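Peer 1: Generate a structure from the sequence data that follows.
(2 chains)
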Amino acid sequence: MTRDAHQEQLYLAGWLSMLAVPVLREGKIVGVLVVRRKAPGGFSAEITAMLQSIADQSALAILNARLFRELERKRGELEVASRHKSEFLASMSHELRTPLNAVIGFSEVLLERMFGDLNERQDEYVHDILSSGQHLLELLSDVLDLSKVEAGRMDLDRSTFAVREAIEYSASQVRERAAQRSITLELDTAPGVGRLHADQRRIRQVIVNLLSNAVKFTPVGGSITVQATTDGTDVAITVSDTGPGVPVEDRERIFESFQQGGRGVNRQEGTGLGLTLSRRIVELHGGHMWLDSEVGLGSTFGLAVPLTGTSGPGTASSSPPRTEGPLAVVIEDDPGSLELLTVYLEGAGMAVASAVNGADGLDLVRRLAPTAVLMDIGLPDVDGWQLISLLKGDPGTAGIPVLVVSMIDDARRGLALGASEYLVKPVSRESVLAALARVGVLAMSPNGALFVEKGAAP
Amino acid sequence: MTGHRILVVEDNERNLKLVRDVLQYAGYDILEARTGEQGVELAQRSSPHLVLMDLQLPGIDGEQAFRLIRDDSRTSGIPVVALTASAMKDDRARVLRAGFDGYLEKPINVRALPAQVLAFLSREEPNR
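Peer 2: Numbers count the residues shown, from 1 in each chain, chains lettered A, B, ... in the order given. Have a look, this model is predicted:
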């Protein structure tokens, strides 16, 4: 028997018999299983058959591993492509917004008759240009948001807030449109529903979107009900309308981009992105959305988000302080102004607790005894003048300086009622901090910088 | 009427024209800059009463230009207000943390702009 160099080596090492089984894929050898023995003689049929079956299995396993790797590579490529698409959309929508600002601005200049009068027809057309421009702008901001979500770049800015307050705020955004169409708007928050730890602005955006859709699709004289309930794990918010309903075949589709479904007459309104965006936002929170509908009777859109991180039930529409430092209570119903003041104050090293109405504000001041109160005059429940009197009339709170920050330009009245400072909006950071310095809450350093005075903490 | 000099730093020609025309109509004197560098230079040379600063500019961006204006003793006292796109809600907090004296959202509200500018001017004056 002739031996090649390889076999010669094995023979010298004491290997006397060898079985080689090819691993075949589509008739091609992709590998070999080799068994060696130090005893001479052939291999039994059982062993040969067993090795054959192992070889077949191996061929399959190798194939699967290769397919899997290929799939992984494709998925990576797709992810990169999707990220590029989103980045493209984000930069596009910025590029598109810039000329739109001019379209909207110059339309307004014309409508203001800054440089001469318009006739009735011209006025109508310029209004058309303006409202088209504004519609486009909304569309762009939805596109931008959606591309952010899909690129995984929408970061949630979580805080703890009262669900009831988020619903009330959202309802206030559509109340006028609902009233114009004689639609009744009912809000119903179950007693156990307290606070939610989530991105307040985004959750409001979702509720506003559902409410705007409901107003759009509900006939004149219909009704819309917003309900909030909890099962102890999730908070569920539903928006029910008495609109035409959504046929079964459309129920999934309307959550997809640019699908408005066959819901009634106003198809052209809106962006067709609102529900897609809403669903993504809710999913980012670890929640889900759904739709119940009966054609001819109405629709109920629902969202559920986990209660994670909530500080237990509570119904006050006020927020506890978030940082250390001397405490200021801000009483302000406009979210933009509240955010602005909070940034100013926290930037100067203060802690901020806030309330969006007078009653909660008063309660907060009494409970927390802050070093200063910053308050608006136009509040949803009590009027600000009354609130100043209440604060100044209560021996427990009379010593706390009150700074008014309001659009209403009536410093004389505010100061007469006992306010220490009166600022008219818009306010700059400097003016707010300088006012706080004048009432002794902040100290002024020699170079004019404002900082928290040591020992000023309560 | 007001006689205040306002420096507008904005690279988009039409948006610059819009802000300029509206503010001129309201009686302001307008200085124009189309890049951050130009804006910084013009602020030093002409000491305007207020700077309106777009954030996205070619070359150095609005925030960097703001830093240069704030860090230079000749211009450190001039209030600088950012022009931010309203859709970029995250920009607002960023702008305020950066130390801008305030922000105006784009699209600007043509009716409100002159009063907003006046409010920034009169907020600043007592402290300077």
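
Peer 1: Leaving out sequence neighbours, find the closest residue to the most centrally placed residue in chain B.
Peer 2: Centroid-nearest residue in chain B: B:L52, 0.9 Å away (criterion: Cα atoms, centre = their mean). Spatial nearest neighbour of B:L52, excluding adjacent residues (Cβ to Cβ, 6 or more residues apart in numbering or on different chains): B:V8 at 4.9 Å. The way it works is simple: take the backbone N, C-alpha and C, and place the C-beta from them, glycine included.

Peer 1: The one you found belongs to a strand?
Peer 2: Yes: judged by DSSP: H, G, I helix; E, B strand; the rest coil, B:V8 forms part of a strand.

Peer 1: can I assume it is in contact with B:K17?
Peer 2: No: the criterion here is Cβ atoms under 8 Å, and B:V8 misses it with B:K17 at 9.8 Å.

Peer 1: Show the contacting residues for the residue nearest to the centre of chain B.
Peer 2: B:6-10, B:19, B:81, B:83, B:104, B:117 (Cβ atoms under 8 Å, 6 or more residues apart in numbering or on different chains).

Peer 1: Dump those into TSV; add neighbour count and distance to A:L24 as well.
Peer 2: Listed next are the contacts of B:L52 as TSV, based on neighbours: other Cβ atoms under 10 Å in any protein chain shown; distance: Cβ to Cβ, whole Å:
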residue	neighbour count	distance to A:L24
B:I6	24	82
B:L7	26	79
B:V8	26	76
B:V9	29	73
B:E10	26	71
B:V19	27	76
B:V81	24	75
B:L83	22	70
B:L104	20	73
B:V117	23	81
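
Peer 1: Mind putting those residues into CSV with pLDDT?
Peer 2: Formatted as CSV, the contacts of B:L52 follow (pLDDT from 0 to 100):
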residue, pLDDT
B:I6, 97
B:L7, 97
B:V8, 97
B:V9, 97
B:E10, 95
B:V19, 95
B:V81, 95
B:L83, 91
B:L104, 89
B:V117, 93
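
Peer 1: Check which helices and strands the lowest-mean-pLDDT helix or strand in chain B sits against.
Peer 2: Least confident helix or strand, chain B: helix B:89-98 with a mean of 76, by mean pLDDT, DSSP states H and E. With contacts defined as 3 or more Cβ pairs under 8 Å, 6 or more residues apart in numbering or on different chains; DSSP states H and E, helix B:89-98 has these neighbours: helix A:335-347, helix B:62-71, strand B:80-85, strand B:102-106.

Peer 1: again, 10 Å this time
Peer 2: Using 3 or more Cβ pairs under 10 Å, 6 or more residues apart in numbering or on different chains; DSSP states H and E, the elements in contact with helix B:89-98 are helix A:120-150, helix A:335-347, helix B:62-71, strand B:80-85, strand B:102-106.

Peer 1: Could you check the angle the fourth one makes with strand B:102-106?
Peer 2: Using axes from the mean of the first three to the mean of the last three Cα atoms, to 10 degrees, the inter-axis angle of strand B:80-85 relative to strand B:102-106 is 30 degrees.

Peer 1: which ones are touching the closest residue to A:G361 other than its chain neighbours?
Peer 2: Of all residues not flanking A:G361 in the chain, A:I331 sits nearest, at 3.4 Å (Cβ to Cβ, 6+ apart). Going by Cβ atoms under 10 Å, 6 or more residues apart in numbering or on different chains, A:I331 touches A:318, A:338, A:353-362, A:364-365, A:373-376, A:379, A:382, A:384, A:387, A:391, A:402, A:405.

Peer 1: Please state the backbone phi and psi of A:I331?
Peer 2: As for A:I331, its main-chain torsions (degrees, to the nearest 10) stand at phi -110, psi 110.

Peer 1: Who is it paired with across the strands?
Peer 2: Counting by DSSP bridges, A:I331 is bridged to A:A355, A:M375.

Peer 1: What distance do you get for it to A:S82?
Peer 2: 45 Å (Cβ to Cβ, to the nearest Å).

Peer 1: near chain B, which residues of the stretch 251-400 of chain A?
Peer 2: A:336, A:339-340, A:342-344, A:346-347 (Cβ under 10 Å from any Cβ of the partner chain).

Peer 1: And those, which of them are buried?
Peer 2: Buried residues within those, counting neighbours by 16 or more other Cβ atoms under 10 Å in any protein chain shown: A:339-340, A:342-344, A:346.

Peer 1: just curious, which of those residues is nearest to chain B?
Peer 2: The shortest gap between chain B and any of those belongs to A:V343, at 4.6 Å (Cβ to the nearest Cβ).

Peer 1: shouldn't the closest one be in contact with A:V427?
Peer 2: No: contact status for A:V343 versus A:V427: not in contact, 11.9 Å apart, counting by Cβ atoms under 10 Å.

Peer 1: ok, which stretches of chain A are helices?
Peer 2: Per DSSP state H, chain A carries helices over the ranges A:5-12, A:45-111, A:120-150, A:163-180, A:200-217, A:274-284, A:335-347, A:358-368, A:384-393, A:411-417, A:429-438.

Peer 1: So which of those helices has the densest surroundings on average?
Peer 2: helix A:200-217 (a mean of 23; mean count of other Cβ atoms under 10 Å in any protein chain shown).

Peer 1: Check the gap between A:L144 and A:E138 for me.
Peer 2: 11 Å.

Peer 1: ugh, wrong one, I meant A:Y11
Peer 2: Separation of A:Y11 from A:E138 (Cβ to Cβ) stands at 84 Å.

Peer 1: what stretches of chain B score poorly on pLDDT?
Peer 2: B:1-2, B:86-91, B:124-128 (pLDDT under 70).

Peer 1: Now do the same for A:D234: its pLDDT.
Peer 2: Looking at A:D234, its pLDDT stands at 91.

Peer 1: Who is the residue lying closest to it once chain neighbours are set aside paired with across the strands?
Peer 2: Nearest residue to A:D234 in three dimensions, chain neighbours excluded: A:A304, at 4.3 Å (Cβ to Cβ, 6+ apart). Legend: beta-bridge partners of A:A304 under DSSP bridges are A:A236, A:H288.

Peer 1: Repeat that for B:Y103.
Peer 2: Counting by DSSP bridges, the residues bridging with B:Y103 are B:A82.

Peer 1: In contact with it: list those residues for me.
Peer 2: A:340, A:426, B:52-53, B:55, B:81-84, B:91-96 are the contacts of B:Y103 under Cβ under 10 Å, 6+ apart.

Peer 1: hang on, the earlier thing: kindly reformat the residues of the stretch 251-400 of chain A next to chain B as JSON lines containing pLDDT and distance to A:D199.
Peer 2: Formatted as JSON lines, these follow (pLDDT from 0 to 100; distance: Cβ to Cβ, whole Å):
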{"residue": "A:G336", "pLDDT": "73", "distance to A:D199": "16"}
{"residue": "A:E339", "pLDDT": "78", "distance to A:D199": "13"}
{"residue": "A:L340", "pLDDT": "79", "distance to A:D199": "18"}
{"residue": "A:T342", "pLDDT": "84", "distance to A:D199": "16"}
{"residue": "A:V343", "pLDDT": "79", "distance to A:D199": "17"}
{"residue": "A:Y344", "pLDDT": "81", "distance to A:D199": "22"}
{"residue": "A:E346", "pLDDT": "81", "distance to A:D199": "18"}
{"residue": "A:G347", "pLDDT": "78", "distance to A:D199": "21"}
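
Peer 1: I'd like to know which of those is nearest to A:L96.
Peer 2: Distance to A:L96, by Cβ to Cβ, is smallest for A:G336 among those, at 24.3 Å.

Peer 1: Number of residues surrounding A:G14?
Peer 2: 8 (other Cβ atoms under 10 Å in any protein chain shown).
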